[in-house]
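> The following comprises the amino acid sequence and a computationally predicted model.
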Amino acid sequence: FMSHLSISPENYSTLLEQKVARCRERFNSLSLPDPQVIASAPEHYRMRAEFRIWHEGDDLYYAMFDPADPKTPLRVDDFPVASLAICELMPRLRDALIAEHSLRHRLFQVEFLSTLSGEMLVTLVYHRRLDDSWQAAAELLSEQLNIQVIGRSRKQKCVLGRDYVNEVLPINGREFHYRQYEGGFTQPNANINCQMIEWALEKLGPSEQDLLELYCGNGNFTAPLSRQFRRVLATEISKTSVKAARENFAANGIDNVDILRMSSEEFTSALNGEREFRRLAEVNLPDYALNTVLVDPPRAGLDEGTRALVSRFSRIAYISCNPETLSRDLQQLSRTHRASHFALFDQFPYTDHMECGVILERSNAD
């Protein structure tokens with residue numbers, strides 16, 4: 001948290017080297033190749049940001065809180081980790097909120113979602129019910145600032161226009177279109193995300209067989225990878241992400257992906273023949289020639305059943321947001337597979353967080 005308020009671009013390379021060294025140490029017990037390190041831009045890399053709103057009389061300002069002192073607001077007038085679009089909008093939005101009572105009254109939080117494509121979604125969160133006067137003021141705000149606006153309060157969501165932005169990611173010279181919904185998960189560092197996708201495309205290469213992808217989200221990896229596989233079978237538990245993924249496949253002209261709204265645990269049970277699911281009624285699993293699996297799990301990593309499932313595949317692409325659980329999972333997967341490629345993606349500069357990518361190939365002994 002605090003590093004976001006006191007970044008030092010001139011020290012970024014040194015800080016990244018230190019973070020890479022700590023990551024290498026964590027994986028010392030595993031036979032991993034030297035990592036390919038993908039650095040972030042040292043400023044303006046984060047496409048999402050959220051702030052509490054702190055009121056002082058007729059004034060208000062953006063605030064963050066140190067977890068060690070959660071009751072003391074730290075004023076944020078400049079937030080250079082955020083995208084340029086967010087940084088440029090912040091003072092304009094603050095002025096507009098101060099000038100209009102119905103917009104600032106009991107405003108609690110502001111959330112920004114920006115894109116490389118130039119679209120912006122702002123969510124205003126309140127501790128009061130939103131009425132017609134708020135909607136009229138918010139519609140004018142949306143028009144004046146050229147942004148999508150959503151108002152939220154307890155059990156209330158007011159969408160002015162639409163509740164998503166359209167993102168365009170350049171991947172290997174080709175544009176991929178993604179609908180990103182408010183509240184849905186998206187990778188926060190768009191440029192690093194593009195390089196993560198390109199890394200996966202390069203290391204996996206084209207295949208005449210099929211891909212299984214678990215935890216596919218809104219199709220972030222799925223859409224580009226579908227061009228390199230005969231067919232893709234993808235699973236995701238979030239309704240919002242499944243909806244976005246289907247829309248994104250249509251927007252990109254992709255017709256060789258089947259997506260199932262299932263958890264990885266449920267899919268494992270189905271593949272093992274332990275349970276039957278109506279959601280699989282129109283998918284004939286034996287029709288797939290699945291030799292490659294891609295997993296991008298949450299911070300908890302893979303559960304025991306999913307680790308056993310992916311170990312049956314010839315190739316595993318593992319994208320991890322938590323080196324600790326990745327190390328745990330690789331301890332088991334290394335019994336059947338060897339790591340051929342390893343990468344570190346600095347999604348969050350100036351923090352201890354490191355995104356990792358590993359390609360595992362079935363060992364010849366197996």
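Arrived safely, thanks for sending.

> C-alpha only now, for contacts and for neighbours.
Will do.

> Show me what counts as buried in stretch 117-127.
For stretch 117-127, burial by neighbour count (16 or more other CA atoms under 10 Å) applies to 119, 120, 121, 122, 123, 124, 125, 126.

> wait, stretch 50-66
Within stretch 50-66, the residues that count as buried by 16+ other CA under 10 Å are 50, 51, 52, 53, 54, 55, 60, 61, 62, 63, 64, 65.

> and which of these is nearest residue 363?
Of all these, the one with the least separation from residue 363 (CA to CA) is residue 50, at 45.2 Å.

> in a strand, that's where the closest one is, yeah?
Yes - remark: residue 50 belongs to a strand, assigned using DSSP: H, G, I helix; E, B strand; the rest coil.

> just to revisit the earlier point, any idea which of the buried residues of stretch 50-66 is least confident?
Minimum pLDDT for the buried residues of stretch 50-66 is recorded at residue 65 (91).

> where does it land in three-state SS?
strand.

> which SSE is the nearest residue to it once chain neighbours are set aside in?
Of all residues not flanking residue 65 in the chain, residue 73 sits nearest, at 5.4 Å (CA to CA, 6 or more residues apart in numbering). Assigned by DSSP states H and E, residue 73 belongs to strand 69-75.

> swap in residue 240?
helix 239-251.

> Any buried residues in that helix, and which?
Buried, per 16+ other CA under 10 Å, within helix 239-251: 240, 241, 242, 243, 244, 245, 246, 247, 248, 249.

> show me where the stretch 51-200 of the chain has helices.
84-99, 101-104, 132-145, 190-204 (DSSP state H, counting those that start in this stretch).

> tell me, how many neighbours does residue 286 end up with?
Using other CA atoms under 10 Å, residue 286 has 8 other residues around it.

> tell me the SS of it?
Under three-state DSSP, residue 286 comes out as helix.

> ok, it to residue 209 distance?
13 Å (CA to CA, to the nearest Å).

> Just the terminal-to-terminal distance for stretch 268-287.
17 Å.

> can you list the residues that contact that stretch?
The contact list for stretch 268-287 (CA atoms under 8 Å, 6 or more residues apart in numbering) reads 258, 260, 261, 305, 306, 309.
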